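Peer 1: attaching a predicted model along with its sequence, questions to come.
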Amino acid sequence: MSFTAEVKDELSRIDGPDSSCALAELSALIRVCGTLSFRGAGRYSLRVATETGSVARATMGLIHRHLDLRTQLFVRRSVQRKTRNYLIEIPEQDGLHDYLVELGILVPGQGLASGVPSSLVSSKDSACAFVRGAFMAGGFVADPRGDFHLEIAVTGEVFAQDLASLVSSLGVNARLNHRRGSYAIYLKSFDEIRKLLMAMGAKKSAMAVERFRQLKSVKSDVNRRVNAELANGRRSSRSGADQIHLIGKVANEVGIKNLSPALREFCALRLKNPEMSLADLGRLCNPSASKSAMYHRVLRLQELVEK
């Protein structure tokens, strides 16, 4: 199961605190993945299609609990994509028109509503429920083990703008992107994704995102340290090779026997330990010497060669 499916499954099991939240959630589900057919004055039929079983289950449950309408559920299998898809049909019947008005999908005397119905999202709980329904219908969230990305795909510019504003009203900084006739409300920040998941009620999923963020942080820290150690090792190897070359010049032009005891000790230790850092090399001295002292011995050898 994908992470998106896990989040939607968690959201599908949430019961709102009251009927207004249920209606807001159902309204968003129908607006995003529903198709309304018109057959004359006051004659409508409705189809809601989804590829997620938990979303179909939640939609059917909301319709049965809050709308007195006949419904049919069809489960179909896509031969090409090898996946199931679910179709909920609400045929033409008495009361459907009134329910569509109550859900903010139809505006009496004007036809289809263009934006988010303000009457359904007057409270924070109902706003969260509407966003939850929109995400279940058209949402996607990337596996947090990879990149952080969440989006809700919708149609209609006014509806997309209203939905983005509704998400922002929950304290989440959402962005809107236009894609070939459709729109995507998207988030790319870990903090924003976690906040939205919490607002929609997906607390378990939000905790999972937090865990993966912490793992990423630990891995990133380890990688930085490893890279730093490798870089230090490469620098030590290069400096060791340079110092061995310098010792060769000293041996030819000055003579190792003519050096002071400290410099002779340095030359002997460096030749035996070509890749060791100056600090580690100083610990082998008798008595031990600091990194600064070892560096000054290198400078002293350079001065002798120059003279």
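Peer 2: That came through fine.
Peer 1: residue boundaries of the strands in the chain?
Peer 2: According to DSSP state E, the chain carries its strands in the segments 34-38, 44-50, 72-78, 83-90, 106-107, 111-112, 139-141, 150-155, 175-179, 182-187.
Peer 1: can I get these in CSV including distance to residue 201?
Peer 2: (Each C-beta comes from the backbone N, C-alpha and C, glycine too.) Shown next, in CSV, are the strands of the chain (distance: least, CB to CB, whole Å):
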stretch, distance to residue 201
strand 34-38, 22
strand 44-50, 19
strand 72-78, 24
strand 83-90, 22
strand 106-107, 28
strand 111-112, 29
strand 139-141, 13
strand 150-155, 15
strand 175-179, 22
strand 182-187, 17
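Peer 1: now do the same contact list for the closest residue to residue 182 other than its chain neighbours.
Peer 2: Computed as CB to CB, 6 or more residues apart in numbering, the closest residue to residue 182 that is not its neighbour in sequence is residue 155, at 5.2 Å. The contact partners of residue 155, by CB atoms under 8 Å, 6 or more residues apart in numbering, come to 181, 182, 183.
Peer 1: related to what we said a few turns ago, out of the strands of the chain, which comes closest to residue 161?
Peer 2: strand 175-179 (6.7 Å; CB to CB).
Peer 1: paired strands for the closest one, with orientation please.
Peer 2: Applying DSSP bridges, strand 175-179 is found paired with strand 182-187 (antiparallel).
Peer 1: next, the angle from the partner strand to strand 150-155.
Peer 2: The directions of strand 182-187 and strand 150-155 differ by 160 degrees, with axes from the mean of the first three to the mean of the last three CA atoms, to 10 degrees as the criterion.
Peer 1: how about strand 182-187: buried residues?
Peer 2: Using 16 or more other CB atoms under 10 Å as the test for burial, strand 182-187 gives 183, 184, 185, 186, 187.
Peer 1: now stretch 93-111
Peer 2: Buried residues in stretch 93-111 (16+ other CB under 10 Å): 96, 97, 99, 100, 102, 103, 104, 105, 106.
Peer 1: tell me the one of the contacts of residue 155 nearest residue 2?
Peer 2: Looking across the contacts of residue 155 and measuring by CB to CB, the closest to residue 2 is residue 182, at 20.8 Å.
Peer 1: picking that back up, what's the closest of the strands of the chain to residue 119?
Peer 2: If you check each of those against residue 119 by CB to CB, strand 106-107 wins as the nearest, at 10.9 Å.
Peer 1: list the helices and strands that closest one packs on?
Peer 2: Applying 3 or more CB pairs under 8 Å, 6 or more residues apart in numbering; DSSP states H and E, we find strand 106-107 packed against helix 96-102.
Peer 1: the helix it packs on - what's its average pLDDT?
Peer 2: Mean pLDDT, helix 96-102: 91.
Peer 1: ok, and what's touching it?
Peer 2: 23, 36, 42, 44, 45, 46, 67, 69, 90, 106, 107, 108.
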